[in-house]
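1. Here's my sequence, what's the structure:
(chains A and B)
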Amino acid sequence: MAPSTDWDEIKRLAADFQKAQLSSTAQRLSERNCIEIVSKLIELKLIDVIFTTDGKEYLTPQQLVREIKDELYVRGGRVNTVDLAKELNVDLNQINMNISEIIKGKEVQLVSGYLIAHYYLEKIAREINEKLQLQGQISVGDLTLQYDLPADLLQHGVLERYMGKIIRAKQDPSDPRIFYTEEYIMRTKAKIRGALMGLLKPTPVSLIISHCNIAERLFMYLFDQLNAPGVLTGRQSGAQYVPSCYTKSQNEWVINFYKQNNYLEYDALTRLGISDPKGYVKRVLANEDMNFLSSCVIGSQINQQLETALEECISSKSYLDVLSLLPSVLSDEDIDNLLEPLLKKNSRQTILFDKTVFSNNFIENLKQACMPITQKNAEAVVKSGKYQQFYLEKQLAKSDGQQMVQVDHKAERREERRKKASSGKGGGGTQGRETKTKAVKKHLRSKQVTHDSDTDDASSIAKKAPSNLEIICIEDVENCIKEQLENEGLDDLLTQISEYLQGHLNQTALTIAKELAEKLLQDANQNRKQTHSSAQDRINVLVNDIKLYEKGLKLFPSDQQPQFVKYLLKSFGGDILSEFCKYAANQCNLSVQVDILSVEQRNKIINDLSEEYKKPLKNLNSTISEQNMEQFYQAVDICLTECGMILKKVDKKKDKLLVQNHREKLIYELENCEEPALILHLVVLALFTILNQNMLHASGRQVPIIITFLKSQLKEEHFEQLQKYHELVTKYLTAQEDEKGAIEEKLKEDMSLMKNIVIEVKKY
Amino acid sequence: MVDEGTRKTLSSIPLLKTKAGPRDKELWPTRLKEEYQALIKYVQNNKEADNDWFRLESDKTGTKWFGKCWYVHNLLKYEFDLEFDIPVTYPTTAPELALPSLDGKTAKMYRGGKICLTDHFKPLWARNVPKFGIAHAMALGLGPWLAVEVPELIERGVVKYQEKSDEAK
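-> Numbering: from 1, shown residues only, chains lettered A, B, ... in the order given. Down below sits the predicted model:
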């Protein structure tokens, strides 16, 4: 049984198996086949369906529209298309394509990607109304942010549409985007009124607004309806509210202050809150005569005061401190401006230092006080040579600056000279010109200030740059006037006044110095002239002496003459040369300290001399050792012409007188002489002079020659005495030290004898 | 050893419990019942997966099985006759599936159209005696074989598409 049931069962199972195999094959259609089929159908335009994004479902457009509508309703009337696409699992494009279907009905609109149904807007309107009642005011801008909807839609689609229906509010007339409730406006008005009533001083609108916590625009709008006790300075945000009580008190203050003080400071006005002080003052004090300065306004009264004080100051020869008369608020510039017209009227009589007006007389007095020191300093400067130096430097600087001009000048002069030469005026003309050029040269070379024209030049330069030489310094001036100013309490102006005075005083000092220098120069010139004539005189005397001595020595035999000539030239010739040297050195600005020049000194000077002197003097120097009188005279002549001197004619009578003088001098010297050798010398010379009526110049060495020469003219005994004495002297001079005493004794015994000879011979 | 798809299919086929061959008069029907149930389940699974690929029926004793199997290649359905006997040593020995129409057309075949199964099949089967049945042999043996061999045969031109076999829709 069991097997049979088993087999039945197997049969059934087999049947089941077959059934399973067959049935399923008939029905089953695979997914991909389905997709293929549908896409084929779509391709053939047989059906119109939409894929879902995952591609697993198809929708008809009608279904989509319905679903969108449902979704919109579920979401309260507002839905984003993108959200829709996600929610419905449909491509956004498909949704967008089908939205037009939905929008057609006017009940739903598409706003920036949102589908919005009319009942949503109504809902918003209700919400807004609630909010508005709560806040009092509301702006479209805030709503835009809150609802994330375009302002335009909110403005027209919601607020304006439902105004009066759902929303109970007023639109701000100046800004349609803001809405208020009636109560809010009333409240705000009250707030503003309270604030404005309470204000006593000008207040920026912004401050009021921030205090009352309202919108500026609303403030401006409501302000006009308030009849506030004051005015606004403007409609901009920077405007101020000025209470009328404040304006009134301001005006009062200004008028009172002006009446009291006769001036108004801009700063003070600004502090009172007046933005345009000048205009304000003009407006408020329209009928006053006022002077507008940079920092304040001044009434005519102050001006008049100042004027009177100034006149008084001038008439009383004192000074006036302007600051004490003017309000302290005036700036320096203002004071200057104020003083300018006044001082212009009196400019001759006043000087302004800092802010103090001085009458000229006062200053003049101060100046007088400084005159002594000025004089002193000027003298000192001239004496020390500083002025001359300064002057010279000035001139040098000038010549440097005008070198070009000078060259031109020179060229011109040369041209002129050539013209003159070519015109052939003759020898005389040439000579004249030469002397002229020489003169010019001399002045340039000598660097000495000798000509008036030069001094003029210098002074003009000094005027050009007076500060170059400060004869009197500021400190000096200060010291002089310090006391006087301190007495007046003006020591703070000391430096200024001193500077001013110093300039003037320095000018004066320069003038004084100039005068002094000129005077000094004139003196020097006179001196020079004197040196010139005295040198000329001395040379004349010397030359004359030489001539006389020459005459004397001519008495000697000619073979003995050269010795004398040599000695004569060496001594007197040397003297003449020295004289020339000294003069020339003076001319060339070489200093000669000693009076008597040695040979070396002479040579040195000659070498240092300028060319024009050097040559003739050198010549002269050489003739001195030549023993030739003629040559010597010629050289002397040349030297004299070179030095601009002349040799005076020799007066014969005078010659005799000279010889006589010489003789007396010799005798006088003899009488006073104690030295044995010198006595012999003098005796011999005196005897020669007496006997021959001629002077003789000889050295001690030539004494024996003269004695022999005198032999024929003397008495025998005199001659012998002379001879003896001469021998003794010779012996004395050559003797040893121990023998000298004895010989000297002897000589002294004979001394009077010798002197007697002269006296006796004189009596011949 | 077997690809993922096959393994999955395999796991969804119910396992058999009775170890009995056709000779065991007592237990064979039980075994056969289990075979049928497994097959039904397998076919159902295949249908669900739109992977129906054979028709099979047996004689009364359940020792001789025949039917058709097909393979779709390039949207064309290639159909082959299928037959096999249950060996006496079954279930220890796996049934030898044969496609007589392909006899001599491919190297992977013994004489008489019996398909050469993979090296893995036999040890797998041996390990799973008596749990594996005909359904498993189909899924594990013929299925993969067809997948590998038919495209190649078609490519070689050995097998040609026949119009008559389009009795499926």
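2. B:Lys68 bridge partners, please.
-> Beta-bridge pairing for B:Lys68 (DSSP bridges): B:Arg55, B:Asp81.
3. ok, it touching B:Glu83?
-> No. Applying CB atoms under 8 Å, one finds B:Lys68 not in contact with B:Glu83, separated by 9.9 Å. In this view, the C-beta of every residue, glycine as well, is placed from N, C-alpha and C.
4. Now do the buried residues in the helix or strand encompassing A:Lys746.
-> In this assignment (DSSP states H and E), A:Lys746 forms part of helix A:737-762. Of all the residues in helix A:737-762, those buried under the rule 16 or more other CB atoms under 10 Å in any protein chain shown are A:743, A:746-747, A:750-751, A:754-755, A:757-758, A:761.
5. Equivalent analysis for stretch B:88-97, please.
-> So stretch B:88-97, judged by 16+ other CB under 10 Å, has buried residues B:90-91, B:94-97.
6. out of everything not next to it in sequence, what's closest to the residue nearest to the spatial centre of chain B?
-> Closest to where the C-alpha atoms of chain B average out (CA atoms, centre = their mean) is B:Met138, at 2.5 Å. Using CB to CB, 6 or more residues apart in numbering or on different chains and skipping the chain neighbours, the partner closest in space to B:Met138 is B:Phe54 (6.6 Å).
7. Report the contact partners of that neighbour.
-> Contacts here follow CB atoms under 8 Å, 6 or more residues apart in numbering or on different chains; on that basis B:Phe54 touches B:67-70, B:82, B:138, B:142.
8. pLDDT at it, what is it?
-> You'll see B:Phe54 listed with a pLDDT of 85.
9. correct me, but B:Lys108 touches B:Glu152?
-> No. Look at B:Lys108 against B:Glu152 with CB under 8 Å: they stay out of range, at 9.2 Å.
10. Between those two, tell me which one has more neighbours.
-> B:Lys108 (15 against 12; other CB atoms under 10 Å in any protein chain shown).
11. count of residues packed around the nearest residue to the more buried one once chain neighbours are set aside?
-> What sits nearest to B:Lys108 in space, not counting adjacent residues and going by CB to CB, 6+ apart, is B:Cys116, at 4.5 Å. When neighbours are counted by other CB under 10 Å, B:Cys116 registers 14.
12. How much space separates B:Cys116 from B:Leu102?
-> Distance, B:Cys116 to B:Leu102, using CB to CB, to the nearest Å: 12 Å.
13. any shared contact partners between those two?
-> With CB under 8 Å, 6+ apart as the test, B:Cys116 and B:Leu102 both reach B:Met109.
14. Where does A:Leu264 fall, secondary structure wise?
-> Going by DSSP H and E, A:Leu264 is in strand A:263-265.
15. in its sheet, what does that strand sit against?
-> By DSSP bridges, strand A:263-265 pairs with strand A:296-299 (antiparallel).
16. just how off-centre is the strand it pairs with within its chain?
-> Remark: strand A:296-299 is offset 36 Å from the chain centroid, using CA atoms, centre = their mean, to the nearest Å.
17. All the strands of chain B, residue numbers only.
-> B:54-58, B:64-73, B:76-85 (DSSP state E).
18. Kindly report the residues of chain B close to chain A.
-> B:25-26, B:29-30, B:32-33, B:36-37, B:39-40, B:43-44, B:47-48, B:50, B:52, B:55-58, B:60, B:62, B:168 (CB under 8 Å from any CB of the partner chain).
19. ok so, going back, want to throw the strands of chain B into CSV with distance to A:Leu352?
-> Shown next, in CSV, are the strands of chain B (distance: least, CB to CB, whole Å):
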stretch, distance to A:Leu352
strand B:54-58, 135
strand B:64-73, 126
strand B:76-85, 128
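20. Out of the ones you listed, which gets nearest to A:His726?
-> Set against A:His726 and scored by CB to CB, the strands of chain B come closest in strand B:64-73, at 185.5 Å.
21. Please export the C-alpha coordinates of the closest one as CSV.
-> Taking Å, rounded to 0.1, in the frame of the first residue of the first chain, the C-alpha atoms of strand B:64-73 are listed here in CSV:
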residue,chain,number,x,y,z
LYS,B,64,14.9,7.1,-17.4
TRP,B,65,14.7,10.9,-17.8
PHE,B,66,14.4,12.8,-21.1
GLY,B,67,13.5,16.3,-22.1
LYS,B,68,14.9,19.4,-23.7
CYS,B,69,17.4,22.0,-22.7
TRP,B,70,18.1,25.3,-24.4
TYR,B,71,20.5,28.1,-24.4
VAL,B,72,19.9,31.6,-25.5
HIS,B,73,22.8,33.2,-27.4
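22. Contacts for it next, please.
-> Strand B:64-73 is contacted by residues B:53-59, B:77-86, B:95, B:99, B:134, B:142, B:146-147, B:150-151, B:154, B:165 when judged by CB under 8 Å, 6+ apart.
23. What are the buried residues along it?
-> Buried-residue list, strand B:64-73, by 16+ other CB under 10 Å: B:65-71, B:73.
24. what does stretch A:559-579 give?
-> Buried, per 16+ other CB under 10 Å, within stretch A:559-579: A:561, A:563-569, A:571-579.
25. ok, then the element right after the top helix by length along chain A?
-> Taking DSSP state H as the criterion, chain A has its longest helix at helix A:494-553. The helix or strand immediately downstream of helix A:494-553 is helix A:561-568, counting by DSSP H and E.
26. Figure out how far stretch A:191-203 is from the centre of its chain.
-> 59 Å.
27. likewise stretch A:68-75?
-> 91 Å.
28. Can you report how many residues lie near A:Phe51?
-> 18.
29. how about the residue nearest to it when sequence neighbours are not counted, what does it touch?
-> Spatial nearest neighbour of A:Phe51, excluding adjacent residues (CB to CB, 6+ apart): A:Tyr58 at 6.2 Å. Going by CB under 8 Å, 6+ apart, A:Tyr58 touches A:38, A:49-52.
30. 10 Å instead, please
-> A:35, A:38, A:42, A:47-52 (CB atoms under 10 Å, 6 or more residues apart in numbering or on different chains).
31. can I get these in CSV with pLDDT and secondary structure?
-> CSV is the format used below for the contacts of A:Tyr58 (pLDDT from 0 to 100; DSSP: H, G, I helix; E, B strand; the rest coil):
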residue, pLDDT, secondary structure
A:Ile35, 79, helix
A:Val38, 81, helix
A:Ile42, 82, helix
A:Ile47, 77, coil
A:Asp48, 77, coil
A:Val49, 77, coil
A:Ile50, 77, strand
A:Phe51, 74, strand
A:Thr52, 76, strand
